[in-house]
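Colleague: from the sequence below, what's the structure:
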Amino acid sequence: MRSREYDLDFRDRAGRIRAWGIGLLAVAVLQWTWCALLLTPYEVDEKPGDRYPAECESRLLTERGTANGGLQRGDWCQDERDWPEALAVLGLSVPVSVAGVALFTSGSVSRRMSAHAEAMRELDKLADARNA
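Modeller: Residues are numbered from 1 along each chain as shown. Now for the predicted structure:
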């Protein structure tokens, strides 16, 4: 395999690695969005087809007990969204985002180094032709 063919193959592999990194970062963004939605105010039906659902405060920014109170007081908000689900989504997003950043960085650096090496080879050819 000639060096140019090898270099093009190397750049192609680096592009695929970078694309995988972008894909994993997109998945992490979706997970962060899901976690954010779990922490926003919401409504809960007390029974199926309820015309007047109960309004619940955010799990994160609550001033009253609607988000953290239980069914003992007739509050339907407690069982609808709970902290473990939001924390699990956030926890799963960490390795996905770290892997995405690592792959994106690796692919980008590999492509840049390949382009730099090609530019140096071209400059060496020009210098050799000028000296000859």
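Colleague: these two touch, right, L25 and S97?
Modeller: Yes - the criterion here is C-beta atoms under 8 Å, and L25 meets it with S97 at 6.5 Å. Using the backbone N, CA and C atoms, a C-beta is placed for each residue, glycine as well.
Colleague: look at G49 and tell me its secondary structure.
Modeller: Following DSSP: H, G, I helix; E, B strand; the rest coil, the label given to G49 is coil.
Colleague: any idea how far the residue nearest to the spatial centre of the chain is from L123?
Modeller: Against the mean C-alpha coordinate of the chain, by C-alpha atoms, centre = their mean, the closest residue is A28 at 2.1 Å. Distance, A28 to L123, using C-beta to C-beta, to the nearest Å: 40 Å.
Colleague: could you do C35 as well?
Modeller: Distance, C35 to L123, using C-beta to C-beta: 49 Å.
Colleague: all the helices of the chain, residue numbers only.
Modeller: For the chain, helices defined by DSSP state H occupy the ranges 3-38, 83-131.
Colleague: just to revisit the earlier point, more neighbours, C35 and L123?
Modeller: Between C35 and L123, counted using other C-beta atoms under 10 Å, the more crowded position is C35 (18 against 10).
Colleague: right, and D45 touches P53 too?
Modeller: Yes - counting by C-beta under 8 Å, D45 touches P53, with 4.9 Å between them.
Colleague: shared neighbours, these two?
Modeller: When C-beta atoms under 8 Å, 6 or more residues apart in numbering defines a contact, no residue borders D45 and P53 alike.
Colleague: give the full set of residues in contact with V27.
Modeller: V27 makes contact with V96, G100, according to C-beta under 8 Å, 6+ apart.
Colleague: hmm, 6 Å instead?
Modeller: Contact analysis of V27 by C-beta atoms under 6 Å, 6 or more residues apart in numbering lists V96.
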